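Asker: Show me how the following folds:
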Amino acid sequence: MKAIWNGKVIAESDDTVVVEGNHYFPLESADRAYLVDSETTTHCPWKGTASYYSLSVDGETNPDAVWCYADPKPEADEIRGRLAFWRGVEVTG
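Answerer: Predicted coordinates for the structure are as follows:
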């Protein structure tokens, strides 16, 4: 699987976990050069608290386009340390 935005591969892995239709990529599969820390967090009743990253590619920014559950609830432990994408990021196999 690949996550692509603004013509660049942000993450690529054969080891994704699909939860609620989203592919969660291992953190180490992402090109960290494109990730910018965000202060945004959200809460999911069964997964826990998500932290976000914005994408910065070739001078363009996609705010909060990436999320991660660093310390998910036990029922969502399979996505610990994994990233998922939205807001125009193309995830393809």
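Asker: What residues of stretch 66-75 count as buried?
Answerer: If you call a residue buried by 16 or more other C-beta atoms under 10 Å, then stretch 66-75 has these buried ones: 66-69, 72. For the C-beta atoms, the positions are set from N, CA and C on the backbone; glycine is no exception.
Asker: Quick one: distance of that stretch to the chain centre.
Answerer: A distance of 11 Å separates the centroid of the chain from that of stretch 66-75, by C-alpha atoms, centre = their mean, to the nearest Å.
Asker: who touches that stretch?
Answerer: 10, 27, 30, 35, 42, 46-55, 76, 79-86, 89 (C-beta atoms under 8 Å, 6 or more residues apart in numbering).
Asker: Can I get stretch 51-67 as CSV, trimmed to CA atoms?
Answerer: The C-alpha atoms that make up stretch 51-67 are tabulated as CSV, following Å, rounded to 0.1, in the frame of the first residue of the first chain:
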residue,chain,number,x,y,z
SER,A,51,-2.7,12.9,17.6
TYR,A,52,-2.3,14.5,14.2
TYR,A,53,0.4,15.6,11.8
SER,A,54,0.1,18.0,8.9
LEU,A,55,1.8,17.2,5.6
SER,A,56,4.3,19.6,4.0
VAL,A,57,5.2,18.8,0.4
ASP,A,58,6.9,21.2,-2.1
GLY,A,59,5.7,24.3,-0.2
GLU,A,60,2.1,23.1,0.2
THR,A,61,0.5,22.1,3.5
ASN,A,62,-2.3,19.7,4.2
PRO,A,63,-3.3,20.4,7.8
ASP,A,64,-4.0,17.5,10.1
ALA,A,65,-4.0,15.0,7.2
VAL,A,66,-2.4,12.2,9.2
TRP,A,67,-3.4,10.7,12.5
